[in-house]
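Visitor: structure, please.
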Amino acid sequence: MSLDESFQGTQIPTGSLPFDRQQLLDWLHDTLDKTLRLEGPWSIEQFKGGQSNPTYLLKSTNAQYVMRTKPAPKSQLLPSAHAIEREFKVMKALGDTPVPVARMLALCEDESVIGRAFYLMSYVQGRVFWAPELPGLTRLERTQVFKSMNQVLADMHLVNLEDVGLSDYGRAGNYFERQISRWSKQYITSITEPIAEMDLLMQWLPEHLPSIAQEPRLSLVHGDFRLDNLIFDTKDSKVRAVLDWELSTLGHPLADLSYQCMAWHIEPQEFRGLAGLDLATLGIPSERQYIEWYCEKTQFATPAQLEGDWHFFLAYNLFRIAAILQGIAKRIEAGTASSEQAQNAAKRARPLAQHAWHHAKIHRQLNG
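Guide: Numbers count the residues shown, from 1 in each chain. Alright, predicted model coming up:
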């Protein structure tokens, strides 16, 4: 089974549902406009991919909706994690911008309905790619996928926050400093087995913030902007919807760009990477080309201005992902992880931390 096949699509939930179907249906009928209500026999399926917030497909003869919920009440949630209310707010705000998102239909913060908060959104038909080498696509289609992904990233960072009502969506100040502190605390909370490189990074990163990372630039940042959080059109390979806004906030746009560029430094078998592949033959841009496309669109910086500090940004993002994966490991230990893939994801925390420390050492060699 390919990576795409193992994560793609939905499945019938195993065992009984963790909530009452009839209570959910009653709430839907009370909340939704008559034209949007589910009619006739209906079913619930769970999406396979993801380890964070359980996500379901509701289907009837007249409609299909996606319901995203917080984890079960027994979950020991990390501080500020699983904030589906924020996901709902940001996607609703982006509805009339160039950033493609699903249509937000309703938010339920009353936990008495299904035992947890949830929201409902439209179902966006399209393709989700889990393997970054994009098997099965033509050379031209791969190029189009990466160009479209790059365009959406730039469009998101250029959104006028005041115009869409998101000026209060995050804090001003040093974004990287706050993020390093946040993920350090969450890593410490989630430790199952100590990782020496994480200890080194927690000390090194805040002491080596580049000047460009401390600029007071403020954009909407997704926090997890990657290939498999996008739905692509089946015909022209354009992005139809950006998913999973759980980690979104206001911050420095270079955090998102460098997060995406981790793929060029990780091998496919390690964590959905591109390192070692013949990118030119595949039609996939080089990391340099991808950065150039972004810089041309946003004018935030030039590729040359980023070169000296690029390894810091890679170290930061690899550290951050290692901390997130360690959180998954902790949820496995507590028995609350929401997918079968969680255990494999958790095992990658240590090698990613080692990658991060490798880039930190390169940055130190280049900058003294």
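
Visitor: Met156 and Val242 touch, don't they?
Guide: Yes: judged on C-beta atoms under 8 Å, Met156 makes contact with Val242 at a distance of 7.4 Å. Where C-beta positions appear, they are placed from N, C-alpha and C, glycine not excepted.

Visitor: which SSE is the most centrally placed residue in the chain in?
Guide: By C-alpha atoms, centre = their mean, the chain has its centre lying nearest to Asp224, at 2.7 Å. Here Asp224 sits in a region with no helix or strand, counting by DSSP states H and E.

Visitor: isn't it up against Leu247?
Guide: Yes: Asp224 sits in contact with Leu247 when judged by C-beta under 8 Å, with a separation of 5.1 Å.

Visitor: spit out the residues that contact Met156 and Val242 alike.
Guide: Common neighbours of Met156 and Val242, using C-beta atoms under 8 Å, 6 or more residues apart in numbering, are 99, 222, 225.

Visitor: run through the residues that contact the residue nearest to the centre of the chain.
Guide: Under the criterion of C-beta under 8 Å, 6+ apart, the contact list for Asp224 reads 244, 246-247, 259.

Visitor: can you check Glu267 too?
Guide: Under the criterion of C-beta under 8 Å, 6+ apart, the contact partners of Glu267 comprise 273, 275-276.

Visitor: can you get me the start-to-end distance on stretch 68-84?
Guide: Terminal residues of stretch 68-84 are spaced 8 Å apart (C-alpha to C-alpha, to the nearest Å).

Visitor: do the same with stretch 33-40
Guide: One end of stretch 33-40 sits 16 Å from the other (C-alpha to C-alpha).

Visitor: pLDDT on it, on average?
Guide: Per-region confidence: stretch 33-40 scores 85 on mean pLDDT.

Visitor: who's more crowded, Met156 and Val242?
Guide: Neighbours were tallied for Met156 and for Val242 using other C-beta atoms under 10 Å; the higher tally belongs to Val242 (26 against 23).

Visitor: now do the phi/psi pair for the more buried one.
Guide: phi -100, psi 130 (degrees, to the nearest 10).

Visitor: state the distance from it to Pro41.
Guide: Val242 sits 32 Å away from Pro41, going by C-beta to C-beta, to the nearest Å.

Visitor: can you map out the helices along the chain?
Guide: Counting by DSSP state H, the segments of the chain that form helices are 3-7, 21-31, 84-93, 139-157, 175-190, 196-207, 253-261, 268-271, 279-282, 287-298, 303-307, 310-334, 342-346, 349-367.

Visitor: dump the ones you listed to CSV, plus distance to Tyr65.
Guide: Listed next are the helices of the chain as CSV, based on distance: least, C-beta to C-beta, whole Å:
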stretch, distance to Tyr65
helix 3-7, 21
helix 21-31, 8
helix 84-93, 14
helix 139-157, 23
helix 175-190, 32
helix 196-207, 40
helix 253-261, 28
helix 268-271, 31
helix 279-282, 36
helix 287-298, 33
helix 303-307, 41
helix 310-334, 27
helix 342-346, 25
helix 349-367, 34
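
Visitor: what's the span of stretch 302-310 from first residue to last?
Guide: For stretch 302-310, the first and last residues are 12 Å from each other (C-alpha to C-alpha).

Visitor: could you pull out the buried residues of it?
Guide: If you call a residue buried by 16 or more other C-beta atoms under 10 Å, then stretch 302-310 has these buried ones: 303, 306, 309-310.

Visitor: then stretch 95-113?
Guide: The neighbour-count check on stretch 95-113 (16+ other C-beta under 10 Å) flags 97, 99-102, 104-108, 113 as buried.

Visitor: try stretch 127-147
Guide: Residues of stretch 127-147 classed as buried by neighbour count (16+ other C-beta under 10 Å): 127-130, 132-134, 137, 142-146.

Visitor: give me the contacts around stretch 190-208.
Guide: Taking contacts as C-beta under 8 Å, 6+ apart, the residues outside stretch 190-208 that touch it are 78, 177, 180-181, 184, 187, 312, 315-316, 319, 322-323, 326-327, 329-330, 333, 349-350, 353-354, 356-357, 360, 363-364.

Visitor: select only the buried ones of these in PyMOL?
Guide: The following PyMOL selection, which keeps only the buried ones among the contacts of stretch 190-208, applies the criterion 16+ other C-beta under 10 Å:
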select buried, resi 78+180+184+187+312+315+316+319+322+323+326+327+329+330+349+350+353+356+357+360+363
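
Visitor: could you dump the buried residues of stretch 302-310 to CSV with pLDDT and distance to Leu58?
Guide: Putting the buried residues of stretch 302-310 into CSV (pLDDT from 0 to 100; distance: C-beta to C-beta, whole Å) gives the following:
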residue, pLDDT, distance to Leu58
Pro303, 96, 45
Leu306, 95, 44
Asp309, 95, 46
Trp310, 97, 44
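
Visitor: and the two most separated of these?
Guide: Set against one another by C-beta to C-beta, the buried residues of stretch 302-310 have their most distant pair in Pro303 and Asp309, with a gap of 11.9 Å.

Visitor: which non-adjacent residue is nearest Lys147?
Guide: Using C-beta to C-beta, 6 or more residues apart in numbering and skipping residues adjacent in sequence, the residue nearest Lys147 is Trp293, 7.0 Å away.
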